[in-house]
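Trainee: Build the 3D model from these lines:
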Amino acid sequence: MIDQIFEIVKAHEKWRGKQCLNLIPSENVMSPSARALLASEFAHRYTARDRFYMGTRFTDEIEQYGEKLAKDVFKAEIADLRPLSGHIADLIVLANLTHSGDTLICTSPDDGGYPGMWKEGLAGFLKLKATAFPFSKRDYSIKVDEAQKLIVKTKPKMVIFGGSFIVLPQPVKELAKTARENGAAVGFDGSHVLGLIAGEQFQDPLREGAQLLFGSTHKSFFGPQGGIIVGNRDPGECLKEKIFPAYVDNAHWNRIAALTLALAEMKKFGKAYAAQIVRNSKTLAKCLSDYGFPVICRHLGFTKSHQVIMDYGDMPKARKAAEKFQRANIITDCAIRIGTCEVTRKGMKESEMLKIAELLKRTAIDDEKAETIKKDVARLSGEFQKVQYCFDK
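Mentor: Residues are numbered from 1 along each chain as shown. Model prediction:
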């Protein structure tokens, strides 16, 4: 039984870690040092805001240091590392800044918004009136003029930017003032683009009018799986006071230690890392489009994020393509969104994006045998096994 457990983990690490090209935009890799902190002594320990537990002085110190780094990286007045996921960060924000019956404006899942925030997710759970931003599928962006009219008409309690499918900056600057004048709090779910925001290569929501920036710490941001909230003192301090014990009790301090190191890495290496992600995405998108793949937003330069999005028309066609890629050990989601964050963290640059595009073409367009492509995938992956943009030598 014990051997089987280790064999499963070993097989996974060999396959996904060494033999595959991991192109899911929701995933990334930590540095060896950050991974090691997940197995630190902090993994066994508790602390709590009501000082119930003794022996917490170093636990408290690592949290305080992590919050300081987060405030530095995001130029924020407050930071909280306790949310256990981006979804929990969303819940904390919505539950404390809205009431049952209030209107929430965000991007619909039909337009690339996060399903967990929509009617079947948190909006439904909290009994909010989820209302969709007017959205242009062609430009893959919010229609600013129509959105302003919607905000004035509906008087939402909360306006949240961001999305699961995101290739271009959001019009925070254009809409935040209108939202605040009509009584709304303004947030930005940066789950996907948090690393690009930290690296100053996408947009700066807190300077553009958002009061809070929150989301996942393991997508374009290269920390452990978890969540974060940063933002203005008002309403940030209020949120910090409410997190324990309603939303998070044990915040997993080993995770916070690993996140603290990832924040330090982002402060030192974030600009170079994020800039390379965007260059890689643009290179990959253009090459795929030239090969005939249905990449969106060609007229806008394809992408300014870690995502390259293909429009196959419907999910069955996209899933069929994703399954075909998987047989060749090229891992995508079933949308299809292709993410460049993990391969960039492992040191790949524009020339490797051309090779990845060719491998995708050989798989989906040329219909070459998967077993042949697997060898080239493993060869390319094997050349880039060392994590970059970190303090590890």
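Trainee: mind listing what the most centrally placed residue in the chain touches?
Mentor: Closest residue to the average C-alpha location of the chain: residue 192 at 2.3 Å, with CA atoms, centre = their mean. Contacts for residue 192 (CB atoms under 8 Å, 6 or more residues apart in numbering) come out as 25-26, 162-164, 166, 215-216, 219-220, 305-307. Where you see a C-beta, it was placed from the backbone N, CA and C, and this is true even at glycine.
Trainee: Now distance to residue 77, secondary structure and neighbour count too, for these, in CSV please.
Mentor: Formatted as CSV, the contacts of residue 192 follow (distance: CB to CB, whole Å; DSSP: H, G, I helix; E, B strand; the rest coil; neighbours: other CB atoms under 10 Å):
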residue, distance to residue 77, secondary structure, neighbour count
25, 29, coil, 27
26, 29, coil, 19
162, 20, coil, 28
163, 25, coil, 25
164, 28, coil, 22
166, 25, coil, 31
215, 18, strand, 30
216, 21, strand, 26
219, 24, coil, 28
220, 23, coil, 35
305, 26, coil, 29
306, 27, coil, 29
307, 29, strand, 29
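Trainee: will you turn the residues you listed into TSV that also has pLDDT and distance to residue 250?
Mentor: Listed next are those as TSV, based on pLDDT from 0 to 100; distance: CB to CB, whole Å:
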residue	pLDDT	distance to residue 250
25	98	29
26	98	24
162	98	27
163	97	30
164	98	28
166	98	31
215	98	21
216	98	19
219	98	23
220	98	27
305	98	33
306	98	31
307	98	33
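Trainee: so where do the helices sit in the stretch 101-250 of the chain?
Mentor: For the stretch 101-250 of the chain, applying DSSP state H, counting those that start in this stretch gives helices covering 122-125, 144-154, 172-181, 194-198, 205-208, 233-246.
Trainee: Identify, out of those helices, the most deeply packed stretch.
Mentor: With neighbours taken as mean count of other CB atoms under 10 Å, those reach their highest mean count in helix 194-198, at a mean of 28.
Trainee: Let me know the average pLDDT across that helix.
Mentor: The average pLDDT within helix 194-198 is 98.
Trainee: What lies in contact with that helix?
Mentor: With CB under 8 Å, 6+ apart as the test, helix 194-198 has contacts from 28, 73-74, 190, 202-205, 213, 215-217, 219-222, 228, 266, 270, 273-274, 277-278, 305-306, 341.
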